[in-house]
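Visitor: sequence first, predicted model second:
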Amino acid sequence: MLATIITLFLLGLLAIGTPVGFALAIAGAAGLYALGGPSMLLGILDTAPLSAASSYELITIPMFLLMAEFVIISGVADSLFKTAATWVGRVPGGLGIATAFAGAGFGAISGSSTASAATLASTSIPAMLKAGYEPKLACGVVAISGTLAMLIPPSIALVLFGIIADVSIGALLIGGIIPGLLVMLAISSTVLFLVWRDPTRAPRGQSHSMVDKLASLLPVWPMLVLFMAVTGIIYLGVATPTEAAGIGAFGAFLIALLKGKADFSATRHALLRAAQTTCMIIMIILGAHIFGYFFTITQTTQQLVAAVGGWPVDRWVIMGVILLMYLVLGCFMDQVAILILTVPVIMPLIQKLGFDPVWFGVVVIVTAEIGMVTPPVGLNVFVVSRYTGRPLAEVFRGVAPHVVAHLIVIGLFCLFPQIILWLPQTMQAG
C-alpha cells in the first residue's frame with residue numbers, strides 16, 4: 001500500500017512539472033521517512049550521492065556530450081545534409097532520404113534526439129520546402145530522423161541503460177549500429193512509399209556528377225573518421241567505452257581547433273553545455289538511487305517480478321505488455337526519466353524470462369524513439385514545430401507513417417534477435 005501511495009505521489013510531482021531528479025528524490029525520501037523515520041532517511045541520504053556519482057562508467061556521459069558539442073561548433077554537422085542531398089537528391093523523395101541519412105550522421109556524433117531534430121529542422125526543412133516538398137512530409141521525416149541519435153553510438157540513452165541495468169555499455173553501443181542503420185532504411189523506405197503513392201509530395205531534385213559527389217565528402221570526412229575511430233576501438237577491444245569517449249571528445253576538439261572554431265568563447269560554451277546536461281543526468285540518477293532504496297526495502301520489485309513471472313502465459317506475451325507499457329509511457333514522459341524509473345524494476349523480470357539484456361536494451365531504445373514523436377508529449381514534434389512555425393497537428397500527421405514503420409522494425413527485432421546481437425557477439429574482449 002505504501003509503495004502505491006509513494007508511486008502516485010511521484011506521478012503527481014511529475015504531473016505538476018517538478019524536475020525528474022527532484023521528483024524522484026522527494027518521493028523516495030518521503031517513502032523512506034514513512035518506513036523508518038529520520039534515522040533511515042538521513043543514513044541513506046548520507047551515502048546515496050557518493051554511490052550515485054562514483055561509477056567510473058559515468059565519465060562516458062560528459063565525454064560523449066563534449067564530443068558532440070565540439071563537433072557542432074566545428075560546423076561539420078551543418079554539412080551533413082548538403083552531402084547527403086548531393087548523393088541521393090535526384091531520387092524521388094531524395095531530400096527526405098537525405099534527411100534520414102543526415103539524421104544518422106548527426107546521431108553518430110550527438111546523443112541528443114532533440115538537438116538532432118533542431119539541427120535538421122534548421123537545415124533540411126527550408127531546403128525541402130524550397131524544392132516544393134509537401135510540408136507534412138518534410139516535417140515528419142525531420143522529426144523521426146532526429147530520434148536516430150538515441151540509437152546510433154555514441155548514444156547517451158544506451159549508456160544510461162547500461163549503467164542502470166549493469167549491462168556492458170560497449171556491447172550496447174555496438175549493438176545499436178545495425179538497428180540504427182535499419183531504422184534509417186525504414187525511414188527512407190517510408191519516404192519512397194509515400195512519394196510512390198503521390199509523386200506530387202516530393203519532386204525530383206538536381207542530379208550531380210560523381211566529381212561533385214566526391215567533393216561533397218570533403219567537409220564531413222573528419223566526422224566520419226572520428227565516428228569510425230571511436231566505434232572501432234570499442235569494437236576491437238582496444239579501449240573501453242569510457243576511454244573511447246575521452247578520445248572522441250579530444251578528437252572533436254582537434255577538429256574544431258583545426259577549423260578555427262575553438263576560440264575561448266566557443267570552447268567555454270561547449271564545456272558549460274556539456275556540464276549542465278551532465279549535472280541534470282546525474283541529479284536524475286541520484287534521485288533514482290533514493291527512490292530505488294525505497295523500492296528495495298519494501299521489496300516492491302521482487303513482488304512484481306514474482307507476480308508477473310508467474311503469469312500462465314508465454315514469455316513473449318509478457319514482453320508485448322512491457323513494450324506496450326514503454327510506448328504508452330513515451331507519450332507522456334521524457335525518455336531518460338522512463339529509463340531511470342523502469343529499468344531497475346523491469347530488468348530482474350527480463351532476466352527471469354530469459355531475454356538477452358543487450359537485445360532488450362536496444363529494443364527499449366527503439367521503442368522510446370516512438371515516444372519522441374507521438375502525442376501528447378512528442379518532444380521532437382514540438383521542436384520541429386517551433387523551429388519551422390508549422391502547426392503541431394500537421395507535424396504529427398506527417399510522422400504517423402514513420403511510427404507504423406518503427407513498429408514493424410520492432411517486430412523484426414523480436415522475430416530475429418540476432419539482428420541486434422550478432423555484432424556484439426563478434427566483438428573483441430577489451
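Guide: Arrived safely. Numbering: from 1, shown residues only.
Visitor: lowest-pLDDT helix or strand in the chain?
Guide: helix 300-309 (a mean of 68; mean pLDDT, DSSP states H and E).
Visitor: I'd like the next helix or strand past that helix.
Guide: Proceeding C-terminally, helix 300-309 gives way to helix 315-330 as the next helix or strand, assigned by DSSP states H and E.
Visitor: buried sites along that next one?
Guide: Using 16 or more other Cβ atoms under 10 Å as the test for burial, helix 315-330 gives I318, M319, I322, L323, Y326, L327, L329, G330. All C-beta spots, glycine's among them, are computed from the backbone N, C-alpha and C.
Visitor: now stretch 404-412
Guide: Of the residues in stretch 404-412, those scored as buried under the neighbour-count criterion (16+ other Cβ under 10 Å) are A405, H406, V409, I410.
Visitor: what is the nearest of those residues to V183?
Guide: Using Cβ to Cβ, V409 comes nearest to V183 of the buried residues of stretch 404-412, at 5.9 Å.
Visitor: separation between the closest one and L160?
Guide: Using Cβ to Cβ, to the nearest Å, one gets 22 Å for the distance from V409 to L160.
Visitor: got it, and E69?
Guide: From E69 across to L160, the span is 18 Å (Cβ to Cβ).
Visitor: now G107
Guide: With distances defined as Cβ to Cβ, the gap from G107 to L160 amounts to 16 Å.
Visitor: A288 too?
Guide: Summarising the geometry, the distance separating A288 from L160, computed by Cβ to Cβ, is 10 Å.
Visitor: got any residues that touch both of the two?
Guide: When contacts are counted by Cβ atoms under 8 Å, 6 or more residues apart in numbering, the set common to A288 and L160 consists of I340.
Visitor: so which residues of the stretch 301-430 of the chain form helices?
Guide: Read by DSSP state H, counting those that start in this stretch, the stretch 301-430 of the chain holds these helices, from start to end of the chain: 315-330, 335-353, 357-371, 379-388, 392-415, 418-425.
Visitor: tell me which of these sits nearest to L65.
Guide: When the helices of the stretch 301-430 of the chain are compared for distance to L65 using Cβ to Cβ, the nearest one is helix 335-353, at 12.8 Å.
Visitor: for that closest one, packing partners?
Guide: Under the contact definition 3 or more Cβ pairs under 8 Å, 6 or more residues apart in numbering; DSSP states H and E, helix 335-353 sits against helix 20-53, helix 156-165, helix 264-298, helix 300-309, helix 315-330, helix 357-371.
Visitor: among the ones you listed, which comes closest to K136?
Guide: Proximity to K136, assessed across those by Cβ to Cβ, is greatest for helix 357-371 (18.4 Å).
Visitor: average pLDDT across the helix or strand where C139 lies?
Guide: Assigned by DSSP H and E, C139 belongs to helix 135-145. When the per-residue pLDDT values of helix 135-145 are averaged, the result is 88.
Visitor: what angle do that helix and helix 357-371 make?
Guide: For helix 135-145 and helix 357-371, the angle between their directions (axes from the mean of the first three to the mean of the last three Cα atoms, to 10 degrees) works out to 150 degrees.
Visitor: so what secondary structure elements neighbour helix 135-145?
Guide: Checking 3+ Cβ pairs under 8 Å, 6+ apart, helix 135-145 ends up next to helix 94-107, helix 113-130, helix 177-197, helix 379-388, helix 392-415.
Visitor: would you mark the buried spots in it?
Guide: When burial is assessed from 16+ other Cβ under 10 Å, helix 135-145 yields the following buried residues: P135, K136, L137, A138, C139, G140, V141, V142, A143, I144, S145.
Visitor: and the pLDDT for W359?
Guide: Model confidence at W359, given as pLDDT, is 95.
Visitor: I figured it hits W422, correct?
Guide: No: under the criterion of Cβ atoms under 8 Å, W359 lies out of contact with W422, with a separation of 10.7 Å.
Visitor: more neighbours: which of the two?
Guide: The residue with more neighbours, out of W359 and W422, is W359; 21 against 12, by other Cβ atoms under 10 Å.
Visitor: now the more buried one: how far from I109?
Guide: When distances are taken as Cβ to Cβ, W359 and I109 turn out to be 25 Å apart.
Visitor: where does the stretch 1-150 of the chain dip in pLDDT?
Guide: 77-78, 89, 110-112, 114 (pLDDT under 70).
Visitor: what about L226, neighbour count?
Guide: 22.
Visitor: tell me which element it falls in.
Guide: Here L226, judged by DSSP H and E, is contained in helix 221-235.
Visitor: pull that helix out as CSV, backbone CA atoms only.
Guide: Extracted C-alpha coordinates of helix 221-235, given in CSV (Å, rounded to 0.1, in the frame of the first residue of the first chain):
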residue,chain,number,x,y,z
TRP,A,221,35.3,13.4,-43.7
PRO,A,222,36.7,14.4,-40.2
MET,A,223,33.4,13.4,-38.6
LEU,A,224,33.3,10.1,-40.4
VAL,A,225,36.9,9.4,-39.3
LEU,A,226,36.0,10.3,-35.7
PHE,A,227,32.9,8.1,-35.6
MET,A,228,34.8,5.1,-37.1
ALA,A,229,37.7,5.6,-34.7
VAL,A,230,35.5,5.8,-31.6
THR,A,231,33.3,2.9,-32.6
GLY,A,232,36.2,0.9,-33.9
ILE,A,233,38.3,1.0,-30.8
ILE,A,234,35.3,-0.1,-28.7
TYR,A,235,34.5,-3.0,-31.2
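Visitor: who's in contact with T367?
Guide: Contact criterion Cβ under 8 Å, 6+ apart gives L323, Y326, L327, G330, I410 as the residues in contact with T367.
Visitor: now S116: how far from V343?
Guide: For S116, the distance to V343 under the criterion Cβ to Cβ works out to 23 Å.
Visitor: and for T200?
Guide: For T200, the distance to V343 (Cβ to Cβ) stands at 45 Å.
Visitor: these two: which has the busier surroundings?
Guide: Each of T200 and V343 has its neighbours counted (other Cβ under 10 Å); V343 has more, 23 against 9.
Visitor: not counting sequence-adjacent ones, nearest residue to that one?
Guide: I164 (4.5 Å; Cβ to Cβ, 6 or more residues apart in numbering).
Visitor: okay, now the one you found: neighbour count?
Guide: Using other Cβ under 10 Å, the number of residues around I164 comes to 19.
Visitor: now I285
Guide: Residues lying near I285 (other Cβ under 10 Å) number 24.
Visitor: what do you get for L181?
Guide: Taking other Cβ under 10 Å as the criterion, the count of residues near L181 is 14.
Visitor: quick one, what contacts L224?
Guide: In this structure, L224 makes contact with L217, judged by Cβ under 8 Å, 6+ apart.
Visitor: and the pLDDT at it?
Guide: 80.
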